[in-house]
Structure formats: structure tokens, C-alpha cells
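Engineer: predicted model and sequence below, questions to follow.
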Amino acid sequence: MRLALTLTCATLLVTAAQAAPLTFDAALQLADQTAPSLRAKGADIVAAKSSAISAGRLPDPKLAVGLGNFPISGPPAGTFNRDSMTMATLGVTQEVPNGAKRQAGRDRAAADIAAAQTASEAEGREVRLNTALAWIDLYYARKRLAALDEIDRALAPLRTSAPAQVAAGSTRPSLALEPERLSAALGDRRAELTAAAGKARAELVRWTGDDAADVTGALPSYEVDPTALRAGLDSLPALQSFDAVGRQADADVALARADKRPDWSWEVTYQRRDPMFGDMVSLGATVGLPLFSRSRQDPVIAARAQAAMRVRYEREAARRALAARLDADLADHAMHHDRLMRAATTLEPLAARRADLERASYAAGTASLSDVLGALLALAETKIDLLDREADVQRDAVRIALTYGSDAR
């Protein structure tokens, strides 16, 4: 009962922790713990390690039971004790593959474990990257909606003043409809942003397994160092997986070459005869003769050597592609950062200044209501565009760090 109570409390604590909004690091940690794809890769590792236990060991011995030299013709036909050669046999045979073949089997098992581990590391990076991007998308979706609400609140005084101005004759009646038209436009924009937030939250739920997933806390901080990233490409799981496949191919080559060395086996047989003749024991050994390697083993060796060479060519191609993608991502990151700085230092201040000037002109009677509403709508779009640009920079930094960085959390 005490154990059941403890497990129940632990379950409630985990559920409560998952129901709370997630910080960036907490979302990554939860994804690491619950992602089904990572558990599947973990099962592959366990399976590879289990298979390695039997690698390189001798095959099971064989038990032979038989009846030898039983007469079927002549005077002793059909009898067990009238012929001195009739005997019951009981033997054991053990096959012994050559040492090179057994070592190649152990090397292949070790390569299988390494391949499963690198596949798990690569999948872990993919899970963390998708979780991180979903968290950032939801974070900025919330901020975009907040910015839109701020503009909507700024429109409230204009909605209430427009009918009064029409009644006073200071503006045309048709302009009284402008606040409602702008509210409808902002409503459409809010619907788009709400849908984007829903999609981002659905992705976060997918990767964390938390049905009530939401975001809280500060944005992550990643340093993008192009020199270090380029220097660390060879240590990434995406390339280490090719190294593991290369070791598997090398083990297959060694196994094919081992077939050119003779295997052997030994056997012991006990032969039971009629007591008047006496029992016997036989010992024997068998050795394989790989005499025709040119037409048997050598073609297999050549084929597996070419397969190993193919893996190395594919690794080099993958490395070049990875380096090219890194350079492209760095270029995009620089471009997005430049656009963000331009929006933050020029576009957004100008839009805010324009809105302030139009409102001042409207109060002084030198600008129309339509001018003010247009300026406010432009300010709303500029604020949202600024958040879009900021999100692009954050997504770039996260993608680069979690894809190419040596520490992918």
C-alpha cells in the first residue's frame, strides 16, 4: 500500500508538472523523456547489445545417435548380436570456425551497437530541434496576438469619437464606418494569428506528449560561432552514422576474407556392440579446403569491398551537403538579423511616429479619421512584422545550434 501511494503521488506530481506551462529547457527535457521515436531507437540499442553477446562464439555442438552396420541379408540378417560389426553409436560434433571469422563477427556486432547509438543521437537532435521550433513558434504567436490587442485598444477612443464627430458635422458620415472596417480587418488578422498559435501548440503537444502544453519563461540564448561550427562537423551524429555504417561494411569485408581460411570441426563417437565383441570409441576431425577462392570467396570479397567504398563516398557527399547547408543557414541567419535590426531601428519607430503625428493632426483638425486609422493599421502590421523578423532570427539560432552544434542540450 505504501508503494502504491508513493507511485500515485509521483504520477500526480508528473501530471501537474506537465500541465504547467513549459520553459524552453523544460520542453526539451520532456521531449527527451517521452518521445516515442527516441524510445524506439533505445530499443534498437538494447537489441544490438543483446545480439552482441553471442557474436563470435562457437556454434552449438551436435549430438548424433545412430545404428551402424545392421545386417539386412545373409544368415545374420535382421539380428543385432550375430554380426561383430553391428553397433549403436552416440557421438558429439563441434564445429570451430576460424579465429578471423569469429573476430569479424564480434567487430560487426560492435559496429551494429555504434550504428544504433548514433541513430539514437541523430533522432534525439531531431526531436529537440522540432520541440524547440514549436516552442518558439508558440512564444511568438502569443506575442503577435498581444501586439494586435494593444493596437485594438488604441482604436477604442476613435470608435467612440467617430459618431460624435459625424453628429457635429466635422466629418463625413461615411468615415464613421472606418473604425468598424478596421476592426474587421484586425479581426481577420487575429484569426490568422490564433490559427498559427494553435498549430504551434499542436506541434508542441506532439513532441512533448503534454496535452496542456504552453510556453513560459525567457527565450533561449545560443551563440552562433561559424568557425567552431565548421570545425565540429565531423563529430555530428549525421556523419558519425556513416562512420558506423563504414565499420559495419569493414566487418563484412573481414568476414568475407575469413572464408578463405579453413574452418574445422571435431567429433567423438562411442560405439556400443554386443558384449561378446566389445565397445569402441572413434575420434575424428574435419578441415575445410577453400581451394577455389578465385571463383568463390574472391568475388564476394570484391563485392563487399566495393560496398565499403560506397559508404565512404556517401559520407563525403553527406559532409559536403552538411557544410553547404551550414553555410546557407549562416547566410540566412545574417540576412534575418540584418532585417531585424532595420525593422527595430527604422521601420517600427517610423510607423509609431507616423501614428502619433496623424493622431495629433486629427486632434488639430488637419487630418481625417481615415488617415489616423490607416496609420494605426500600418503600425500594427509593422509591429507584427518586427516580431516575425525576431522569430526568424531566433529560429535560425536554434536550428543552427541544435543541428550543427557540439552541445545540442
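Structural biologist: Sure thing, it's come through.

Engineer: for this structure, which helix is longest?
Structural biologist: Secondary structure assigned by DSSP state H gives helix 99-168 as the longest helix of the chain.

Engineer: any idea how far that one is from the chain center?
Structural biologist: When distances are taken as Cα atoms, centre = their mean, to the nearest Å, helix 99-168 is centred 14 Å away from the chain's centroid.

Engineer: next, Ala397: secondary structure please.
Structural biologist: helix (DSSP: H, G, I helix; E, B strand; the rest coil).

Engineer: from Leu347, how far out is it?
Structural biologist: For Ala397, the distance to Leu347 equals 22 Å [Cβ to Cβ, to the nearest Å]. Glycine gets a C-beta too; all of them are placed from N, C-alpha and C.

Engineer: and the longest helix of the chain, average pLDDT?
Structural biologist: The pLDDT scores in helix 99-168 average 85.

Engineer: right, and the helix or strand after it?
Structural biologist: Sequence order places helix 178-208 as the next helix or strand after helix 99-168, per DSSP states H and E.

Engineer: can you give me the buried ones in the helix or strand following that next one?
Structural biologist: Downstream of helix 178-208, the next assigned helix or strand under DSSP H and E is helix 226-231. By 16 or more other Cβ atoms under 10 Å, the buried positions in helix 226-231 come out as Leu229.

Engineer: show me the contact partners of helix 226-231.
Structural biologist: Helix 226-231 has contacts (Cβ atoms under 8 Å, 6 or more residues apart in numbering) with Ala323, Leu326, Leu330, Ile400, Tyr404, Gly405, Ser406.

Engineer: related to what we said a few turns ago, quick one: the longest helix of the chain to helix 178-208, angle?
Structural biologist: 160 degrees (axes from the mean of the first three to the mean of the last three Cα atoms, to 10 degrees).

Engineer: just checking, what packs against helix 99-168?
Structural biologist: With contacts taken as 3 or more Cβ pairs under 8 Å, 6 or more residues apart in numbering; DSSP states H and E, helix 99-168 sits against helix 24-34, helix 36-52, helix 178-208, helix 237-258, helix 369-404.

Engineer: now list the buried members of the contacts of helix 226-231.
Structural biologist: Buried members of the contacts of helix 226-231, counted by 16+ other Cβ under 10 Å: Leu326, Leu330, Ile400, Tyr404, Gly405.

Engineer: pipe those into a markdown table and attach pLDDT per row.
Structural biologist: A markdown table is the format used below for the buried ones among the contacts of helix 226-231 (pLDDT from 0 to 100):
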| residue | pLDDT |
| --- | --- |
| Leu326 | 96 |
| Leu330 | 96 |
| Ile400 | 95 |
| Tyr404 | 93 |
| Gly405 | 88 |
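
Engineer: most widely separated two among the residues you listed?
Structural biologist: For the buried ones among the contacts of helix 226-231, the maximum inter-member distance is 12.5 Å, found between Leu330 and Gly405 (Cβ to Cβ).

Engineer: tell me which of Ala397 and Leu347 has more neighbours.
Structural biologist: The neighbour count for Ala397 versus Leu347, taken as other Cβ atoms under 10 Å, is higher for Ala397 (22 against 17).

Engineer: burial of the residue nearest to that one when sequence neighbours are not counted, as a residue count?
Structural biologist: Spatial nearest neighbour of Ala397, chain neighbours left out: Tyr222 (4.5 Å); criterion: Cβ to Cβ, 6 or more residues apart in numbering. Residues near Tyr222, counting by other Cβ under 10 Å, number 18.

Engineer: show me what contacts Tyr222?
Structural biologist: Taking Cβ under 8 Å, 6+ apart as the test, what Tyr222 contacts is Ala397, Val398, Ile400, Ala401, Gly405.

Engineer: and the residue lying closest to Ala196 once chain neighbours are set aside, what does it touch?
Structural biologist: Closest residue to Ala196 apart from its sequence neighbours, by Cβ to Cβ, 6+ apart: Ala141 at 5.0 Å. For Ala141, the contact set (Cβ under 8 Å, 6+ apart) comprises Leu193, Ala196, Ala197, Ala200.

Engineer: OK, contacts around the last one?
Structural biologist: This means Ala200. Ala200 neighbours (Cβ under 8 Å, 6+ apart): Ala134, Asp137, Leu138, Ala141.

Engineer: do you know how far the residue located most distally from the centre of the chain is from Ala251?
Structural biologist: In terms of distance from the mean C-alpha position of the chain, Pro75 ranks first, at 78.7 Å (Cα atoms, centre = their mean). Separation of Pro75 from Ala251 (Cβ to Cβ) stands at 61 Å.

Engineer: also Arg296?
Structural biologist: Counting by Cβ to Cβ, the gap from Arg296 to Ala251 is 20 Å.

Engineer: out of those two, which sits in the more crowded spot?
Structural biologist: More crowded of Arg296 and Ala251, by other Cβ under 10 Å: Ala251, with 23 against 12.
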